[in-house]
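1. Next comes the sequence, and after it the predicted model I'd like to discuss.
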Amino acid sequence: MDYSAAKERYASFGVDTEEALKKLSATPISLHCWQGDDVGGFESPDSSLGGGLAVTGNYPGKARSIDELRLDLEKVLSLIPGNHRLNLHAIYGDFSRGKVDRDAISIEQFQGWIDWCSANNLGLDFNPSCFGHEKAEDGLTLSSPDAGIRDFWIAHCQASRKIGAEMGKQLGSPCVTNVWIPDGMKDLPADRLGPRERLAASLDKVFEESLDPAHNLDAVESKLFGIGSESYVVGSHEFYMGYATTRQKVLCLDAGHFHPTESVADKISSALLYVPELLLHVSRGVRWDSDHVVILDDPTKAIFEELVRCDALSRTHIGLDFFDASINRIAAWAIGTRSAQKGLLMALLQPMSKIIEAEATGNYTERLALLEISRTLPWGSVWEEFCSRNQTPGEGEWFAEVKAYEDTVLAKRS
Ligand SMILES: C[C@H](O)[C@H](O)[C@@H](O)C(=O)CO
Ligand SMILES: [Mn+2]
């Protein structure tokens, strides 16, 4: 079906496709840099991941330097319609002028990224990297019983916020600086309270300096468990829900950080009542926090439906969090980002006024019927129109471009 026919079909359900396209266009997705090199970073050539994170696969062509990562990101951006952001971890700084430990990083290591983002019309988000470091080897950082270890990671997170604020200032768009720590225990802890008290105190120190929210927004991310923290995670959902509520921080919901049967979408409306803003890490856990590439599955669609139904797009920062080294990494980025955008578009195209009217009048039969009917409305034609208006390849075209890039660029990386 061509776009004008699709537009008419949607209009018959009271949906304005132009309005949906406008909203989709105004919603950036923050592309996570770490899909490009399996969360390696550029601190040292022999970096190890740690922190309960795992990347499997050995597909050829991973980015080995900042230049290669930027080249790959430029390719990915050409395959994704709209204007977006880059989400950088601290380990992706430019350390070519000499190693700087995490507690001493400054804007110096990140100015190159700011300049590149500015040239590519991208906003920038940031994350302290509290893993893959000798001071995180026992799996404890901000909640460690060792004050020296805590102070080191507090300094790293403080430095990261300042870098985030400078990124936001220079690029004219607030940087979301998201704190995630791996802290937890493999086996049953005797003391669950102490580490949480220490984490809250450490975070209060991290956030002590007030920074202009026009430049930096603080986010905190919970987790259910990781490899080596199966029995106890200090920064659990309840911990951060309480922390973000009492300190009015941005709450990060990672779709892989909950029990597989829990609905992340259902958490959105509750969290919005208590925290100022949300950060999403759109991800796909397969049985656990496996960080599979995002696809247009039901949990992903449900998250975007909730954002639209809660009218929460202006209070939500959408980021991605997956890393798959078993498939072409450029394709992984393109599939995941385009799927997130498609999920959002589908949600924006739902005949909500009719569905809400049915619900308000107690007509639950019509509500269910409309939800089912909306699944087969021609959203794909509206998506193709969005790609074409943004001079990006449509569904039938983008993969050939990835293949060509693999042959001409990735295959030459040994
Ligand atoms: C790289 C990590 O995925 C990221 O920092 C964090 O967001 C996470 O989800 C850890 O499981
Ligand atoms: Mn995450």
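-> Okay, I see it. Ligands and ions are numbered 1, 2, ... in the order given.
2. Around residue 361, count how many other residues there are.
-> Residues near residue 361, counting by other Cβ atoms under 10 Å, number 10. Yep, even glycine has a C-beta here, placed from its N, CA and C like the rest.
3. Up against ligand 2, what does the stretch 51-200 of the chain have?
-> Taking Cβ under 5 Å from the ion as the criterion, ligand 2 has no neighbours within the stretch 51-200 of the chain.
4. mind listing the strands for the stretch 51-200 of the chain?
-> Using DSSP state E, counting those that start in this stretch, the strands of the stretch 51-200 of the chain run over residues 85-89, 123-127, 175-179, 184-185.
5. Please name whichever of those strands is nearest to residue 241.
-> Across the strands of the stretch 51-200 of the chain, residue 241 has its closest neighbour in strand 175-179 (14.7 Å, Cβ to Cβ).
6. Keeping just the C-alphas, turn that closest one into PDB.
-> Extracted C-alpha coordinates of strand 175-179, given in PDB (Å, rounded to 0.1, in the frame of the first residue of the first chain):
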ATOM      1  CA  CYS A 175      23.700  14.900  28.500                       C
ATOM      2  CA  VAL A 176      22.200  12.000  30.500                       C
ATOM      3  CA  THR A 177      25.000  10.600  32.600                       C
ATOM      4  CA  ASN A 178      23.900   7.200  33.800                       C
ATOM      5  CA  VAL A 179      25.400   5.400  36.800                       C
END
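7. how many degrees apart are it and strand 123-127 in direction?
-> Here the directions of strand 175-179 and strand 123-127 differ by 20 degrees (axes from the mean of the first three to the mean of the last three Cα atoms, to 10 degrees).
8. tell me the contacts of the residue nearest to residue 124 when sequence neighbours are not counted?
-> Counting by Cβ to Cβ, 6 or more residues apart in numbering, the nearest residue to residue 124 once its immediate chain neighbours are dropped is residue 167, at 4.4 Å. Counting by Cβ atoms under 8 Å, 6 or more residues apart in numbering, residue 167 touches 110, 113-114, 117, 124, 126, 175, 215.
9. Check the closest residue to ligand 2 within the stretch 1-150 of the chain and give its pLDDT.
-> As assessed by Cβ to the ion, ligand 2 sits closest to residue 32 within the stretch 1-150 of the chain, at 8.4 Å. pLDDT, residue 32: 98.
10. Look up which residues are beta-bridged to it.
-> Counting by DSSP bridges, residue 32 forms beta bridges with residue 87.
11. Wait, it touches residue 87, no?
-> Yes: between residue 32 and residue 87 a contact is recorded at 4.7 Å, counting by Cβ atoms under 8 Å.
12. tell me, what's touching these two both at once?
-> Common neighbours of residue 32 and residue 87 are listed as 319-320 (criterion: Cβ under 8 Å, 6+ apart).
13. Can you report how many residues lie near residue 134?
-> Neighbours around residue 134, by other Cβ under 10 Å: 7.
14. near ligand 1, which residues of the chain show up?
-> Residues of the chain lying close to ligand 1 by Cβ under 6 Å from any ligand atom are 34, 39, 53, 127, 180, 221, 223, 254, 281, 289, 321.
15. How about the stretch 101-250 of the chain: which residue is closest to ligand 1?
-> Closest contact between the stretch 101-250 of the chain and ligand 1, by Cβ to the nearest ligand atom, is at residue 180 (4.1 Å).
16. Just want the phi and psi numbers for the closest residue to that residue other than its chain neighbours.
-> Using Cβ to Cβ, 6+ apart and skipping residues adjacent in sequence, the residue nearest residue 180 is residue 221, 4.0 Å away. With angles defined as degrees, to the nearest 10, residue 221 sits at phi -120, psi 130.
17. One more: residue 218?
-> Dihedral angles (degrees, to the nearest 10) for residue 218: phi -90, psi 130.
18. Who are the contact partners of the nearest residue to it once chain neighbours are set aside?
-> Nearest residue to residue 218 in three dimensions, chain neighbours excluded: residue 249, at 5.0 Å (Cβ to Cβ, 6+ apart). By Cβ under 8 Å, 6+ apart, the residues touching residue 249 are 207, 218-220, 243, 275-276.
19. now the residues you listed: which count as buried?
-> Using 16 or more other Cβ atoms under 10 Å as the burial test, those include 207, 218-220, 243, 275 as buried.
20. Among those, which one sits closest to ligand 2?
-> Using Cβ to the ion, the buried ones among the contacts of residue 249 come closest to ligand 2 at residue 219, 10.3 Å.
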